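1. structure of the sequence below:
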Amino acid sequence: MITSKSNPQLKLITALLKKRSTREEEHAFVCEGRKMFFEILTQNPSFLVKTYWSESGLASLSEAERELLAGCEFETVSDAVFDAVSETMSPQGVLAIVRMPEYDLRSMTGGKTAKLLLLESLRDPGNLGTILRTAEAAGMDGIILSADSVDVFNPKVVRSTMGAILRVPFCYVEDFPAVLSELKEQDVTLYAAHLQGSVPYTEPDYGERVGILIGNEANGLTDEVTALADVRIRIPMAVQAESLNAAVAAALLMYQVR
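-> Numbering: from 1, shown residues only. This is a model prediction of the structure:
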């Protein structure tokens with residue numbers, strides 16, 4: 001049993017939770033919580049690198065969970081140390097180091113359909129997690145993010161995706177405008193969610209090859225990216241409302257595309 005926070009394994013977990021650079025170096029991230037852990041264990045066990053259970057977490061397992069855990073190697077951690085390492089307010093007794101999934105642009109655009117969400121400089125972890133979860137529900141083919149967007153493997157993002165992080169293709173791109181130009185050449189029509197949009201979002205027939213552009217929470221889309229859009233769309237709002245939350249706007253538009 002691990003009883004010290006200075007244990008090298010737990011130091012790695014702490015670094016993975018706190019540092020994007022460590023996650024990129026190790027090509028791994030940390031997931032917390034039973035739902036996501038057992039989903040990975042049953043559907044993508046090859047993604048599991050190492051698992052850690054707290055004493056109380058093991059003691060509270062149901063019979064069904066014990067059966068699922070049979071054959072899975074794990075380390076046991078004292079409750080006090082586990083709680084100190086965990087980033088959640090109410091730890092559920094399990095932490096796992098998980099290998100990062102790998103996707104590329106071709107996998108998102110090579111088919112007949114290319115229903116894409118294109119995020120420029122999105123910064124809020126909660127927004128990105130909600131967007132990933134909603135993208136799965138709406139049947140989007142993938143998400144493309146500018147390189148300065150929040151890390152999808154940030155613990156807050158991982159928790160709020162409810163497992164969608166392992167099912168929805170996504171990738172980061174260094175030259176966001178250049179990729180948008182490439183998409184246009186591949187017959188992907190770009191729609192920019194914009195406060196000065198002239199077309200209500202319910203009017204277009206979005207078709208099968210479509211990209212929805214969502215910008216930074218505070219500043220929206222840059223002028224350069226907006227200029228690349230084929231259509232600027234708007235979501236009607238009451239007079240006193242300034243703008244919608246980025247995740248809410250993305251959800252409305254993804255379901256309209258669906």
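2. CA atoms for contacts and neighbours, from now on please.
-> Noted.
3. which residues in the stretch 1-150 of the chain form strands?
-> 28-32, 48-54, 75-77, 94-99, 114-119, 142-146 (DSSP state E, counting those that start in this stretch).
4. okay, helices next: where are they in the protein?
-> Here the chain has its helices, by DSSP state H, at 8-18, 20-26, 34-43, 55-59, 63-69, 79-85, 105-109, 125-138, 155-161, 176-185, 223-228, 246-257.
5. and residue 230, how many residues sit next to it?
-> Other residues lying near residue 230 total 14 when counted by other CA atoms under 10 Å.
6. check the separation of the first and last residues in stretch 235-253.
-> Across stretch 235-253, the straight-line distance between its terminal residues is 9 Å, by CA to CA, to the nearest Å.
7. off-centre distance for it?
-> Using CA atoms, centre = their mean, to the nearest Å, the mean C-alpha position of stretch 235-253 is found 21 Å from that of the whole chain.
8. so for that stretch, mean pLDDT?
-> Averaged over stretch 235-253, pLDDT sits at 89.
9. circling back to that earlier point, kindly reformat the helices of the chain as a markdown table containing mean neighbour count and distance to residue 195.
-> A markdown table is the format used below for those (neighbours: other CA atoms under 10 Å; distance: least, CA to CA, whole Å):
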| stretch | mean neighbour count | distance to residue 195 |
| --- | --- | --- |
| helix 8-18 | 17 | 35 |
| helix 20-26 | 15 | 33 |
| helix 34-43 | 16 | 37 |
| helix 55-59 | 16 | 48 |
| helix 63-69 | 12 | 49 |
| helix 79-85 | 17 | 43 |
| helix 105-109 | 16 | 28 |
| helix 125-138 | 22 | 19 |
| helix 155-161 | 22 | 26 |
| helix 176-185 | 16 | 20 |
| helix 223-228 | 14 | 11 |
| helix 246-257 | 19 | 11 |
